[in-house]
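Engineer: Next come a sequence and a model predicted from it.
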Amino acid sequence: SHDFWLGKYEVTQGEFEPLMARNPSHFKGDPNLPVEKVSHSDALAYCSAITKREREAGRLPADYEYRLPSEAEWEYACRAGTTNLFSFGTTATVAEAEQFAWTSENSAGATHTVGQKRPNPWGLHDIHGNVWEWCLDWFGNYPAADTRDPSGPSQGKFKVFRGGGWNNDFEFARSANRFGMEPERGIYFVGLRIALSQIKP
(Lines give C-alpha, C1' and ligand atoms only; values in the text may rest on other atoms or scores of the structure.)
Protein backbone atom coordinates (compact mmCIF):
# COMPACT_ATOMS: atom_id res chain seq x y z
CA SER A 1 0.00 0.00 0.00
CA HIS A 2 3.05 2.31 0.12
CA ASP A 3 5.55 3.49 -2.48
CA PHE A 4 8.98 1.91 -2.63
CA TRP A 5 11.77 1.47 -5.13
CA LEU A 6 13.79 -1.67 -5.74
CA GLY A 7 17.26 -1.90 -7.25
CA LYS A 8 17.34 -2.64 -10.97
CA TYR A 9 20.23 -5.06 -10.33
CA GLU A 10 21.52 -7.19 -7.52
CA VAL A 11 24.16 -5.37 -5.45
CA THR A 12 27.53 -5.92 -7.09
CA GLN A 13 30.96 -6.48 -5.60
CA GLY A 14 32.02 -3.16 -7.09
CA GLU A 15 29.30 -1.43 -5.06
CA PHE A 16 29.76 -3.39 -1.86
CA GLU A 17 33.54 -3.47 -1.45
CA PRO A 18 34.34 0.29 -1.56
CA LEU A 19 31.67 1.04 1.03
CA MET A 20 32.28 -1.89 3.36
CA ALA A 21 36.08 -2.21 2.87
CA ARG A 22 35.85 -5.94 2.19
CA ASN A 23 34.55 -8.40 -0.38
CA PRO A 24 33.27 -11.66 1.13
CA SER A 25 32.37 -13.20 -2.24
CA HIS A 26 33.45 -16.65 -3.35
CA PHE A 27 33.28 -15.79 -7.06
CA LYS A 28 35.56 -12.84 -7.86
CA GLY A 29 37.35 -11.29 -10.81
CA ASP A 30 34.70 -8.87 -12.08
CA PRO A 31 33.33 -5.94 -10.02
CA ASN A 32 29.98 -6.38 -11.79
CA LEU A 33 29.44 -9.85 -10.35
CA PRO A 34 26.83 -9.89 -7.59
CA VAL A 35 28.23 -9.83 -4.08
CA GLU A 36 27.52 -13.07 -2.19
CA LYS A 37 28.52 -14.82 1.03
CA VAL A 38 26.92 -11.87 2.80
CA SER A 39 24.99 -12.63 5.97
CA HIS A 40 21.67 -10.97 6.67
CA SER A 41 23.49 -8.76 9.15
CA ASP A 42 26.03 -7.82 6.44
CA ALA A 43 23.16 -6.91 4.13
CA LEU A 44 21.56 -4.67 6.77
CA ALA A 45 24.92 -3.03 7.47
CA TYR A 46 25.36 -2.27 3.76
CA CYS A 47 21.91 -0.67 3.61
CA SER A 48 22.75 1.48 6.65
CA ALA A 49 26.10 2.48 5.14
CA ILE A 50 24.63 3.51 1.79
CA THR A 51 21.86 5.45 3.58
CA LYS A 52 24.49 7.34 5.62
CA ARG A 53 26.64 8.05 2.55
CA GLU A 54 23.74 9.35 0.48
CA ARG A 55 22.39 11.54 3.29
CA GLU A 56 25.81 13.06 3.93
CA ALA A 57 26.16 13.77 0.20
CA GLY A 58 22.81 15.56 0.19
CA ARG A 59 21.23 13.06 -2.19
CA LEU A 60 18.80 11.44 0.26
CA PRO A 61 16.21 13.22 2.42
CA ALA A 62 16.38 12.48 6.14
CA ASP A 63 13.02 10.70 6.08
CA TYR A 64 14.08 8.17 3.43
CA GLU A 65 16.28 5.09 3.83
CA TYR A 66 17.84 2.25 1.90
CA ARG A 67 16.94 -1.17 3.31
CA LEU A 68 16.16 -4.74 2.39
CA PRO A 69 12.73 -5.31 0.86
CA SER A 70 10.09 -7.12 2.83
CA GLU A 71 9.22 -10.53 1.48
CA ALA A 72 5.87 -9.17 0.26
CA GLU A 73 7.54 -6.22 -1.47
CA TRP A 74 10.06 -8.52 -3.12
CA GLU A 75 7.39 -10.83 -4.53
CA TYR A 76 5.22 -7.90 -5.63
CA ALA A 77 8.15 -6.45 -7.57
CA CYS A 78 9.22 -9.83 -8.95
CA ARG A 79 5.72 -10.60 -10.24
CA ALA A 80 5.42 -7.14 -11.81
CA GLY A 81 1.66 -7.45 -12.16
CA THR A 82 1.70 -11.09 -13.28
CA THR A 83 0.10 -14.11 -11.60
CA ASN A 84 2.22 -16.73 -13.35
CA LEU A 85 4.75 -19.10 -11.81
CA PHE A 86 7.42 -16.77 -13.20
CA SER A 87 7.20 -13.13 -14.26
CA PHE A 88 7.75 -14.40 -17.82
CA GLY A 89 5.18 -17.21 -17.91
CA THR A 90 3.63 -20.27 -16.28
CA THR A 91 4.65 -23.27 -18.37
CA ALA A 92 8.23 -22.12 -18.89
CA THR A 93 10.71 -24.35 -20.70
CA VAL A 94 14.42 -24.40 -19.97
CA ALA A 95 15.02 -22.48 -23.21
CA GLU A 96 12.58 -19.75 -22.15
CA ALA A 97 13.94 -19.56 -18.61
CA GLU A 98 17.48 -19.15 -19.94
CA GLN A 99 16.48 -15.80 -21.47
CA PHE A 100 15.75 -14.43 -17.99
CA ALA A 101 17.72 -16.39 -15.40
CA TRP A 102 21.09 -17.86 -14.49
CA THR A 103 20.24 -21.25 -12.97
CA SER A 104 21.94 -24.62 -12.76
CA GLU A 105 20.96 -25.34 -16.36
CA ASN A 106 23.11 -22.54 -17.81
CA SER A 107 25.30 -21.01 -15.07
CA ALA A 108 28.28 -23.40 -15.40
CA GLY A 109 28.37 -23.49 -11.60
CA ALA A 110 29.05 -19.80 -10.96
CA THR A 111 27.51 -16.34 -10.68
CA HIS A 112 27.44 -14.02 -13.68
CA THR A 113 27.75 -10.30 -14.34
CA VAL A 114 24.46 -8.62 -13.44
CA GLY A 115 22.09 -7.40 -16.13
CA GLN A 116 22.93 -9.83 -18.93
CA LYS A 117 19.54 -11.53 -18.96
CA ARG A 118 16.20 -10.04 -20.00
CA PRO A 119 14.43 -8.07 -17.23
CA ASN A 120 10.98 -8.73 -15.82
CA PRO A 121 8.10 -6.49 -17.00
CA TRP A 122 9.11 -3.76 -14.54
CA GLY A 123 12.74 -3.69 -15.67
CA LEU A 124 14.34 -5.71 -12.86
CA HIS A 125 17.24 -7.88 -14.00
CA ASP A 126 18.21 -11.21 -12.41
CA ILE A 127 15.08 -11.18 -10.24
CA HIS A 128 14.98 -14.88 -11.19
CA GLY A 129 18.32 -16.63 -10.70
CA ASN A 130 21.97 -15.57 -10.39
CA VAL A 131 22.00 -15.20 -6.58
CA TRP A 132 19.21 -15.57 -4.07
CA GLU A 133 18.32 -12.28 -2.39
CA TRP A 134 17.86 -11.54 1.32
CA CYS A 135 14.55 -10.05 2.50
CA LEU A 136 13.78 -8.31 5.80
CA ASP A 137 11.40 -10.93 7.16
CA TRP A 138 11.80 -13.87 9.45
CA PHE A 139 10.77 -17.10 7.73
CA GLY A 140 7.31 -18.19 8.82
CA ASN A 141 3.92 -19.40 7.65
CA TYR A 142 1.87 -17.10 5.47
CA PRO A 143 -1.04 -15.32 7.24
CA ALA A 144 -4.23 -17.39 7.39
CA ALA A 145 -6.32 -14.54 5.96
CA ASP A 146 -5.80 -11.72 3.50
CA THR A 147 -3.61 -9.03 4.97
CA ARG A 148 -2.25 -5.60 4.00
CA ASP A 149 1.52 -5.09 3.85
CA PRO A 150 2.42 -8.37 5.61
CA SER A 151 5.74 -8.32 7.42
CA GLY A 152 6.22 -11.90 8.59
CA PRO A 153 6.56 -13.13 12.19
CA SER A 154 8.14 -10.92 14.87
CA GLN A 155 10.89 -13.43 15.56
CA GLY A 156 12.28 -16.71 14.27
CA LYS A 157 15.33 -18.79 13.49
CA PHE A 158 15.76 -18.10 9.76
CA LYS A 159 15.59 -14.99 7.58
CA VAL A 160 13.94 -15.27 4.16
CA PHE A 161 15.75 -15.20 0.84
CA ARG A 162 14.07 -15.21 -2.57
CA GLY A 163 14.60 -15.47 -6.30
CA GLY A 164 16.47 -18.65 -7.10
CA GLY A 165 20.14 -18.88 -7.94
CA TRP A 166 22.88 -20.23 -10.15
CA ASN A 167 22.98 -23.39 -8.01
CA ASN A 168 19.36 -24.54 -8.41
CA ASP A 169 17.19 -25.68 -11.30
CA PHE A 170 15.01 -22.97 -12.82
CA GLU A 171 11.87 -24.31 -11.13
CA PHE A 172 13.27 -22.95 -7.85
CA ALA A 173 13.40 -19.43 -9.33
CA ARG A 174 9.61 -19.09 -9.57
CA SER A 175 8.10 -15.91 -8.15
CA ALA A 176 6.59 -17.51 -5.03
CA ASN A 177 9.48 -19.79 -4.05
CA ARG A 178 11.14 -19.05 -0.71
CA PHE A 179 13.90 -20.37 1.50
CA GLY A 180 15.49 -19.31 4.77
CA MET A 181 18.84 -19.35 6.54
CA GLU A 182 20.32 -18.25 9.86
CA PRO A 183 20.83 -14.46 9.70
CA GLU A 184 24.51 -14.64 10.70
CA ARG A 185 25.37 -17.11 7.97
CA GLY A 186 26.72 -16.13 4.57
CA ILE A 187 26.88 -18.55 1.65
CA TYR A 188 28.06 -18.29 -1.95
CA PHE A 189 24.61 -18.35 -3.52
CA VAL A 190 22.90 -15.60 -1.47
CA GLY A 191 23.29 -11.86 -2.09
CA LEU A 192 20.98 -8.87 -1.92
CA ARG A 193 19.01 -6.22 -3.79
CA ILE A 194 18.26 -2.96 -2.01
CA ALA A 195 14.99 -1.13 -1.56
CA LEU A 196 14.40 2.58 -0.99
CA SER A 197 11.39 4.03 0.81
CA GLN A 198 10.18 6.73 3.13
CA ILE A 199 10.63 5.87 6.78
CA LYS A 200 7.33 4.97 8.39
CA PRO A 201 6.33 7.42 11.16
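Structural biologist: It's in.
Engineer: only C-alpha atoms for contact and neighbour calcs from this point on.
Structural biologist: OK.
Engineer: May I ask which helix or strand of the protein has the lowest mean pLDDT?
Structural biologist: One helix or strand of the chain scores below all others by mean pLDDT, DSSP states H and E: helix 94-97, with a mean of 86.
Engineer: Mind giving me the packing neighbours of that one?
Structural biologist: If you count contacts as 3 or more CA pairs under 8 Å, 6 or more residues apart in numbering; DSSP states H and E, helix 94-97 packs onto no helix or strand.
Engineer: Please identify the buried residues of that helix?
Structural biologist: Along helix 94-97, these residues count as buried under the neighbour rule (16 or more other CA atoms under 10 Å): A97.
Engineer: With stretch 59-70 instead?
Structural biologist: Of the residues in stretch 59-70, L60, E65, Y66, R67, L68, P69, S70 count as buried by neighbour count, 16+ other CA under 10 Å.
Engineer: In strands, which of these appear?
Structural biologist: Among the buried residues of stretch 59-70, the subset assigned to strands under DSSP state E consists of E65, Y66, R67.
Engineer: wait, isn't the last one in contact with L196?
Structural biologist: Which is R67. Yes - proximity of R67 to L196 meets the contact threshold set by CA atoms under 8 Å, at 6.2 Å.
Engineer: how about the nearest residue to Y9 once chain neighbours are set aside, what does it touch?
Structural biologist: Counting by CA to CA, 6 or more residues apart in numbering, H125 is the residue found nearest to Y9 once chain neighbours are left out, at 5.5 Å. H125 sits next to K8, Y9, E10, F100, V114, G115, Q116, K117, R118, P119 when contact means CA atoms under 8 Å, 6 or more residues apart in numbering.
Engineer: re earlier: would you format the buried residues of stretch 59-70 as CSV with distance to V131 included?
Structural biologist: Conversion of these to CSV gives the following (distance: CA to CA, whole Å):
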residue, distance to V131
L60, 28
E65, 24
Y66, 20
R67, 18
L68, 15
P69, 15
S70, 17
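Engineer: Looking at those residues, which one is closest to F189?
Structural biologist: Nearest to F189 out of these is L68 (CA to CA; 17.1 Å).
Engineer: List the contacts of the closest one.
Structural biologist: With contacts defined as CA under 8 Å, 6+ apart, the neighbours of L68 are A43, L44, C47, W134, C135, L136, L192, R193, I194, A195.
Engineer: Does the most centrally placed residue in the chain belong to a helix, a strand or coil?
Structural biologist: In the chain, the residue lying closest to the centroid (CA atoms, centre = their mean) is E133, at 3.1 Å. What DSSP: H, G, I helix; E, B strand; the rest coil gives for E133 is strand.
Engineer: So, low pLDDT: which residues of the chain?
Structural biologist: 91 (pLDDT under 70).
Engineer: how about the strands of it, start to end?
Structural biologist: Ranges of strands within the chain are 5-6, 64-67, 132-138, 159-162, 178-181, 190-191, 195-198, based on DSSP E.
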